[in-house]
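**Student:** Below are the sequence and a predicted model; questions follow.
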Amino acid sequence: ERKNNVAVVCGEQQLTYQALNAKANQLARVLRKKGVKPETIVGIMVERSLEMIVGILGVLKAGGAYLPLDPEYPAARISHMLQDSKAKILLTQAKFFGSMSELGFKGKVLDLGEPGHYQGDATNLAPLSKAHNLAYVIYTSGSTGQPKGVMLNHRGIYNHMLTKITELAILPAHTLCFNLKQTFVASIWQILTPLLLGSRLIIYDTKLAFNPLEFFEVVKKDKISVLEIVPAVLNTYLNLVAQDKKSLIPLTHLKKLVLTGEKVSAELVNRFYGLYQIPLVNAYRS
């Protein structure tokens, strides 16, 4: 049965669909007791980990909306996002407790690694949120330099995921990866689409893309089916291959390569198709 299939992998750790669902349900009950309901915004400031995925699903199952926060951001930026969004709860990890005073956060702080959060009822909860309720808030850099929150409701995020599944022909048997920053809008579909479909999700360190040869080797090893990257990563990889043809990595399992985040040049597309027959998808709109 699919419940015993691996849902998410991070390094040497993994969770089946049954285990992931149980943990998210248990966390959701804790959050509801803390006052989370539709339109309640919950910040999630954690390292890329299984706990991050549990946290996101837990917030959504509780009926709230999640706000991803990068722990590497300056404290002033994180503080602004928490205050501006009016977040009521912050989910984090014990290692970041020391920075709480810098954030000046007045709400409730919960440690996602606390075992006590995962000892209660693990059955599915009756949903509270509706299609029009808020699902997440992500802050952009802001054209003025001041971060601005972008909000999306459940209807919007569900339609977006269905479009991704249809347009990219993603199947339950496929393996996808979460390789972009959690504060980047595209991370939403990277995380939730495979879990909605019953596919396998692998979490990669974002720094992996700084070494494109190593990155594409991992993509090959993990048999990633659909990959989304910025054109700069592909350009660097193709430059390295041009210097040494032996470094070309056969991506036999890759069905689609999605480019996002910046303009895609015809020259880059032509260079790619000179080496691969994998369909390229331009997801960037200027």
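**Tutor:** Received it, and whenever you're ready, just let me know what you need.

**Student:** Tell me where the model's unsure across the chain.
**Tutor:** Within the chain, the segments meeting pLDDT under 70 span 1, 141-145, 286.

**Student:** mind listing the strands for it?
**Tutor:** Using DSSP state E, the strands found in the chain span residues 6-10, 13-16, 41-45, 65-68, 89-92, 108-111, 134-140, 148-153, 175-178, 200-203, 226-229, 256-259, 280-282.

**Student:** Kindly reformat those strands as TSV containing distance to residue 249 and mean neighbour count.
**Tutor:** Where C-beta positions appear, they are placed from N, C-alpha and C, glycine not excepted. Output for the strands of the chain, formatted as TSV (distance: least, Cβ to Cβ, whole Å; neighbours: other Cβ atoms under 10 Å):
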stretch	distance to residue 249	mean neighbour count
strand 6-10	20	20
strand 13-16	24	16
strand 41-45	33	25
strand 65-68	30	25
strand 89-92	37	24
strand 108-111	40	16
strand 134-140	32	21
strand 148-153	35	15
strand 175-178	15	23
strand 200-203	17	23
strand 226-229	12	22
strand 256-259	12	20
strand 280-282	16	14
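
**Student:** Make a markdown table from those and add distance to residue 186 to it.
**Tutor:** Shown next, in a markdown table, are the strands of the chain (distance: least, Cβ to Cβ, whole Å):
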| stretch | distance to residue 186 |
| --- | --- |
| strand 6-10 | 18 |
| strand 13-16 | 23 |
| strand 41-45 | 17 |
| strand 65-68 | 12 |
| strand 89-92 | 22 |
| strand 108-111 | 27 |
| strand 134-140 | 10 |
| strand 148-153 | 12 |
| strand 175-178 | 10 |
| strand 200-203 | 14 |
| strand 226-229 | 6 |
| strand 256-259 | 9 |
| strand 280-282 | 12 |
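
**Student:** Any idea which of these gets closest to residue 184?
**Tutor:** With respect to residue 184, and counting by Cβ to Cβ, the nearest of the strands of the chain is strand 134-140 at 7.8 Å.

**Student:** follow-up on the earlier one: out of the strands of the chain, nearest to residue 190?
**Tutor:** That would be strand 175-178 among the strands of the chain, by Cβ to Cβ, at 4.6 Å.

**Student:** Can you spell out which helices and strands pack onto that closest one?
**Tutor:** helix 187-197, strand 200-203, strand 226-229 (3 or more Cβ pairs under 8 Å, 6 or more residues apart in numbering; DSSP states H and E).

**Student:** want to try a markdown table for those, with distance to residue 111 as columns?
**Tutor:** Converted to a markdown table, the helices and strands packed on strand 175-178 look like this (distance: least, Cβ to Cβ, whole Å):
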| stretch | distance to residue 111 |
| --- | --- |
| helix 187-197 | 21 |
| strand 200-203 | 20 |
| strand 226-229 | 31 |
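
**Student:** quick one: which of these is nearest residue 108?
**Tutor:** helix 187-197 (23.9 Å).

**Student:** Next, the angle strand 148-153 makes with that closest one.
**Tutor:** On the basis of axes from the mean of the first three to the mean of the last three Cα atoms, to 10 degrees, helix 187-197 is oriented at 20 degrees to strand 148-153.
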